[in-house]
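K.L.:
Return atomic coordinates for the entry below.
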Amino acid sequence: MTAIAPEAANLRTTPASAHRIWRVVRLNLVNKWTTIWVPVMIMGFIWLVNWLIWWIIWGATPPAARAHAMDGTQWSGGGFYVFVYMLVVGIQVISMTFPFALGYSVTRRDFWLGSSLTFAMLSAGYALGFTILSFIEEWTNGWGLGGHLFTTVYFGDGGFLQRFFIVFVSMLFFFFTGAASGTLFMRWRVNGLLITGALLALLVVGVVALITWTGNWGAVGDWFMRMGPLGVVAWLLVPTAIAAVFGFFVLRRSTPKS
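P.N.:
Residues are numbered from 1 along each chain as shown. As a prediction, the model looks like this:
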């Protein structure tokens, strides 16, 4: 008779769904190197590279022009690299953790809910760290050089809750986009990704064409200015919710393949 590991037995016999969902969270966080330490290292390396660039600009610019030169760093997109990594983590949850979880008799529903909770927890943790670093950046006058990495225009200049919300929602968007992409690949392999990518590309081109033909680019720019970073990011909740629902229904019929 085949012996059943204690973890597998617990997953099968736990009556409360909340317990099973929490076990999925723990399963997703087993490899802390991937989910925690690598993002921290990426952000640390990005900060170091940016600081060195600021130092070069600072040293090569006359004192009277330094403040103006460093103001340009407000448009830096260096902080977005760590968000892209969250998309990769979302893909890995589906491609690597999901097949393993099925072996422990975890239902697809509990796995998706547990993974969603994992994404929310990680997003909250990273948003908290990002927000704290943004205030440190302000208090130190851009790390002593007047630079901007955590206080760029994309993250707004509001209070703690506003900055936290912007990063939190942005993280969720990339997590669920990655997870939905992972379910597409698992259900329909490369063909699913190619067809979906093509449809999204046609949709974007169609929207751009419509705005161009109607001469509404000025109105689009006004909308972004009126919404500000907080309003624009709040709209990301819509595609995030769509990705979450879409990913769940695709996952229900997905079967891991070698």
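K.L.:
can you count the residues close to the closest residue to Ser134 other than its chain neighbours?
P.N.:
Excluding the flanking residues, the one nearest Ser134 by CB to CB, 6 or more residues apart in numbering is Phe150, at 3.9 Å. Where you see a C-beta, it was placed from the backbone N, CA and C, and this is true even at glycine. Residues near Phe150, counting by other CB atoms under 10 Å, number 24.
K.L.:
before we move on, which element is Phe150 in?
P.N.:
If you go by DSSP states H and E, Phe150 is not part of any helix or strand.
K.L.:
Find me the pLDDT at it, would you?
P.N.:
pLDDT for Phe150: 95.
K.L.:
Okay, Leu251 and Ala198: tell me how far apart.
P.N.:
Noted for Leu251: a distance of 22 Å to Ala198, by CB to CB, to the nearest Å.
K.L.:
If you count surrounding residues, which of the two has more?
P.N.:
Taking other CB under 10 Å, Leu251 and Ala198 do not tie; Leu251 has more neighbours (22 against 10).
K.L.:
Check that one and give its pLDDT.
P.N.:
At Leu251, the model reports a pLDDT of 94.
K.L.:
from what I can see it touches Trp112, true?
P.N.:
Yes. Between Leu251 and Trp112 there is a contact under CB atoms under 8 Å: 5.8 Å.
K.L.:
thought Trp58 was touching Ala67?
P.N.:
No. At 10.3 Å, Trp58 does not count as touching Ala67 under the criterion of CB under 8 Å.
K.L.:
What distance do you get for Met227 to Val233?
P.N.:
Using CB to CB, Met227 is found at 9 Å from Val233.
K.L.:
who's more crowded, these two?
P.N.:
Between Met227 and Val233, Val233 has the larger neighbour count (other CB under 10 Å), namely 21 against 13.
K.L.:
tell me what the host helix or strand of Leu210 is packed against?
P.N.:
Element membership of Leu210 [criterion: DSSP H and E] is helix 160-213. Other elements packing on helix 160-213 under the criterion 3 or more CB pairs under 8 Å, 6 or more residues apart in numbering; DSSP states H and E are helix 81-92, helix 108-139, helix 217-234, helix 237-251.
K.L.:
Provide a list of residues in contact with Trp58.
P.N.:
Arg66, Ala69, Met70, Leu145, Gly146 (CB atoms under 8 Å, 6 or more residues apart in numbering).
K.L.:
same thing but at 7 Å, please
P.N.:
Contacts were defined as CB atoms under 7 Å, 6 or more residues apart in numbering; by that measure Trp58 touches Arg66, Leu145.
K.L.:
And for Ser62, the neighbour number?
P.N.:
Careful, residue 62 is Pro; it's not Ser. Pro62: 7 surrounding residues under other CB under 10 Å.
K.L.:
Leu113 too?
P.N.:
19.
K.L.:
Spit out the contact partners of the closest residue to it other than its chain neighbours.
P.N.:
Distances taken as CB to CB, 6+ apart place Ile21 nearest to Leu113, at 4.9 Å, with adjacent residues excluded. By CB under 7 Å, 6+ apart, the contact set of Ile21 is Asp110, Leu113, Gly114, Leu117.
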